[in-house]
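Chemist: Okay, sequence plus prediction incoming.
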Amino acid sequence: MTISHRVGLLLFPKITQLDLAGPYEVFCRMPDAAVHLLWKDTQPIKSEWGLELRPDTRLDDCPALDVFCVPGGGGVFELFSDDVLIDSVRAIAQRSRFITSVCTGAFLLGAAGLLAGKRATTHWASRDLLRGFGAIPDESRVVVDGNLITSGGITSGIDFGLHIAAQLVGVEQAKEIQLAMEYDPAPPFASGSPRVAEPAILARFSEGIKDRQQGRAALVREASRRLAGAPQP
């Protein structure tokens, strides 16, 4: 097979598998595309809910990429203090045409110093925390700022994947991929965004994640301090 496009998606423990699986499905349907699942080794990794996933390319062996994508998940915040990983993210990004994320994957890009001064998005519940890495939070579902492309929470990864496909293989091919996937969302409830969710539902959910969000805010502050004290490349 002639490879015209290379895509790399980072795997890590406690990843949100749909952050990965949505764009992965799109990217694998692009003609002449090679899709790499990246991690430190090729041993199985468990998602946040225990689904086992297997990386196929070591970070040290990652080729230059058209798209480098960091999915999200609770495990992202546990990687901030892993200097070797952060260095790998930064190095791979430097060899990539597009630097991208789904959901809270944006925070790993931030910990690598890749969001400063850039418009970016993530899951709505954590969006404002992006300011800790110097980003400018944007409420759009897919946000493009130069070669940085970030997307919102979880399901937005499919929208993001189709956006990237249009860039790499053309709008008509991207439309065909969308048709093949029968991606025609018709959710049973108007509850997929804080803009439309019932106030009581939003309040109950927000209260339930309050402690988690406070913990994430503390981790972002610490990672930002580490980044400020790191030697500049």
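Modeler: Nice, thanks for sending it over.

Chemist: Tell me the secondary structure at Ile99.
Modeler: With DSSP: H, G, I helix; E, B strand; the rest coil as the basis, Ile99 sits in strand.

Chemist: Around Leu129, count how many other residues there are.
Modeler: Neighbour count of Leu129, defined by other Cβ atoms under 10 Å: 23. All C-beta spots, glycine's among them, are computed from the backbone N, C-alpha and C.

Chemist: Contacts only, for it.
Modeler: By Cβ atoms under 8 Å, 6 or more residues apart in numbering, the contact set of Leu129 is Phe107, Thr122, Gln213, Arg216, Ala217, Val220.

Chemist: Using neighbour counts, trim those to the buried set.
Modeler: Phe107, Thr122, Arg216, Val220 (16 or more other Cβ atoms under 10 Å).

Chemist: if you look at those residues, which of them are in helices?
Modeler: Within these, residues falling in helices by DSSP state H are Phe107, Arg216, Val220.

Chemist: Just name the closest of the contacts of Leu129 to Met30, please.
Modeler: Nearest to Met30 among the contacts of Leu129 is Thr122, at 24.7 Å by Cβ to Cβ.

Chemist: Pretty sure the closest one sits against Leu130.
Modeler: Yes: assessed by Cβ atoms under 8 Å, Thr122 is found in contact with Leu130 at 6.1 Å.

Chemist: quick one: common contacting residues for those two?
Modeler: Ala106, Phe107.

Chemist: Next, work out how far apart Ala166 and Gly8 are.
Modeler: Distance of Ala166 to Gly8, computed by Cβ to Cβ, to the nearest Å: 19 Å.

Chemist: These two: who's more crowded?
Modeler: Gly8 (24 against 16).

Chemist: Are we agreed that the more buried one is in a strand?
Modeler: Yes: using three-state DSSP, the assignment for Gly8 is a strand.

Chemist: For it, list each beta-bridge partner.
Modeler: His36, Phe68 (DSSP bridges).

Chemist: thought it was touching Pro71?
Modeler: No: here Gly8 lies out of contact with Pro71, judged by Cβ under 8 Å, at a distance of 11.4 Å.

Chemist: Could you pull out the strands in this protein for me?
Modeler: With DSSP state E as the criterion, the chain has strands at 5-10, 33-39, 45-46, 52-53, 57-58, 65-70, 96-102, 119-120, 136-137, 142-145, 148-151.

Chemist: Ser101 bridge partners, please.
Modeler: Val70, Thr150.

Chemist: show me what contacts it?
Modeler: With Cβ under 8 Å, 6+ apart, Ser101 has these contacts: Cys69, Val70, Pro71, Gly72, Leu108, Leu109, Ala120, Thr122, Ile149, Thr150, Ser151.
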